[in-house]
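Quick one: sequence plus predicted model below, questions after.
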Amino acid sequence: MYYRELESELVRLSQYFRVLTVTGPRQSGKTTLCKKTFAEYKYINLEDETVVAELEINRKDYLVQNRKGLIIDEVQNMPDIFSVVQVVVDEYEDARFVLTGSNNFLLSQKVTQSLAGRTAVLSLLPLSLSELSEDDRQQGLFEIMLKGFYPAVWAKNIPPQDVYRQYYTTYIQRDIQQVINIKNLSEFRKFVVLCAARVGTELNASSLSNELGVSVPTVTEWFNVLEASYILFKLQPFYKNINKRLVKTPKIYFYDVGLVCYLLGINTAHQVETHPLRGSIFENLVICEFLKKQYNRGLDNNLYFFRDKSQKEVDLVQEVGGEYHAYEVKIAPSINSDFYKNLKYFRTLFPEENTRSTVIYTGNSESQLPENGYINYLNISSL
């Protein structure tokens, strides 16, 4: 069993909130984490027809009887249970519930409607680099990129292609069909593959629409559902004017690079190493690592990318308490001066706020680092 960094945050927040809601992709380890953290709680899964039938008799009575510690898994399968949890928590001071689910849109909607102010909401993504064992990390970057970070690949040593093939067929297609009716699944799969081929690039719904032969609203709907199901996410552009961040074009990234490799037909670590998109896949990995660190601490997403009208770009900008930390991500064994020219440019724009600039690269030859002034260098193994 892998130690999950979110565990300490779950324990801390349980002192203040009587309901905890844990969201995240399917198979990211939510159930294992909650069972381990709250071992004394009763566990039920709303994909179990027997449990659902029992709850159908009288939801409130069931929750009252088990109110002192109950984990309700896949809670999105019974949307009206949120209001019942609210009633029980308001009536009984000793009520303690943990809710888990993999549909972010539905959970957010129901939490806002029924449990606002009563629950802490946390997100558990697949394993982070720091959660892998030392032996795991010794397998090499390209092997890690191929495997991705779903616990089943590492804990059970299942070949990644088998895991992601089943993950796509069993979970992605099924979950999507529960939200929207897709008449042509092969067309939808082509859309997901095209998104994987565009990882790290700006979302262009019109281009995807033309290539697929479907409408722009359909592309937008499919993308939103994949985002709500924790398959991919948008990295918003950085602007000092916050309103601009919300209307400009975001970039596409996946929550797991192993799934990206599967969708691109990559089957071996050598194929990862030589693939034309290896740099984009590595960039995806690094950005996900930063996102996991935020979520594992119970913090919000504070990540952006920067690009101005002259096309000068910084891969990652993290806003921390009014300061801007800028990062360039390079899949390279050593450093050269081209890696930090955009970081220097970014600092000329924000000389006071830009307090940290770092190149993240795949080598470890510190002796080759040039004179760089304020710019740091970080090997991927240090994340």
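In hand now; what should we look at?

pLDDT-wise, which helix or strand of this protein ranks last?
Here the helix or strand of the chain ranked lowest by mean pLDDT, DSSP states H and E is helix 242-245, holding a mean of 66.

Which residues outside whatever helix or strand comes next after that one are in contact with it?
The element immediately downstream of helix 242-245 (helix or strand, assigned by DSSP states H and E) is strand 251-254. Residues from elsewhere that reach strand 251-254 (C-beta atoms under 8 Å, 6 or more residues apart in numbering): 195-196, 198-203, 231-235, 237, 260, 284, 287-288, 305. Backbone N, C-alpha and C define where each C-beta goes, glycine included.

Report pLDDT for Glu273.
We have a pLDDT of 96 for Glu273.

That one: what secondary structure?
Put simply, Glu273 is helix when judged by DSSP: H, G, I helix; E, B strand; the rest coil.

Identify the residues contacting it.
Phe142.

ok, it to Gln86 distance?
As judged by C-beta to C-beta, to the nearest Å, Glu273 and Gln86 stand 52 Å apart.

Packing partners of the helix ranked longest in the chain?
In the chain, assigned by DSSP state H, the helix with the most residues is helix 278-296. Applying 3 or more C-beta pairs under 8 Å, 6 or more residues apart in numbering; DSSP states H and E, one finds that helix 278-296 makes contact with helix 6-13, helix 141-147, strand 251-254, helix 257-263, strand 303-307, strand 313-320, strand 323-330.

redo that, cut-off 6 Å
Counting contacts by 3 or more C-beta pairs under 6 Å, 6 or more residues apart in numbering; DSSP states H and E, helix 278-296 packs against helix 257-263.

Now do the helix it packs on, average pLDDT.
Mean pLDDT, computed over helix 257-263, is 97.

could you dump stretch 68-80 to CSV, C-alpha only?
The C-alpha trace of stretch 68-80 is given here as CSV (Å, rounded to 0.1, in the frame of the first residue of the first chain):
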residue,chain,number,x,y,z
LYS,A,68,-21.1,7.9,13.8
GLY,A,69,-18.9,6.9,11.0
LEU,A,70,-19.9,6.1,7.4
ILE,A,71,-17.9,6.1,4.2
ILE,A,72,-20.2,6.4,1.1
ASP,A,73,-18.4,5.5,-2.0
GLU,A,74,-19.4,6.6,-5.6
VAL,A,75,-21.9,8.9,-4.0
GLN,A,76,-22.7,10.5,-7.4
ASN,A,77,-24.8,7.4,-8.2
MET,A,78,-27.5,8.6,-5.7
PRO,A,79,-27.7,12.3,-6.1
ASP,A,80,-30.5,12.8,-3.6
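
Give the rounded mean pLDDT of it.
Mean per-residue pLDDT for stretch 68-80: 93.

Show me which positions of stretch 111-126 end up buried.
For stretch 111-126, burial by neighbour count (16 or more other C-beta atoms under 10 Å) applies to Val111, Ser114, Leu115, Arg118, Thr119, Ala120, Val121, Leu122, Ser123, Leu124, Leu125, Pro126.

quick one: Leu203 and Val329, what's the gap?
Leu203 is 19 Å from Val329, where distance means C-beta to C-beta.

and the two? which has more neighbours close in?
Val329 (25 against 18; other C-beta atoms under 10 Å).

Assess the claim that the more buried one and Ile360 are in contact.
Yes. Between Val329 and Ile360 there is a contact at 5.0 Å, judged by C-beta atoms under 6 Å.

For the two, list the residues in contact with both.
Taking C-beta atoms under 6 Å, 6 or more residues apart in numbering as the contact rule, Val329 and Ile360 both touch Val286.

Which parts of the protein belong to which domain?
6-123, 130-285, 303-382 (automatic domain parsing).

show me where pLDDT drops low in the chain?
105-106, 178-179, 242-243, 245-247, 365-374, 381 (pLDDT under 70).

Run through who's touching stretch 206-216.
For stretch 206-216, contacts defined as C-beta under 6 Å, 6+ apart pick out Phe191, Leu194, Ala205, Val219.
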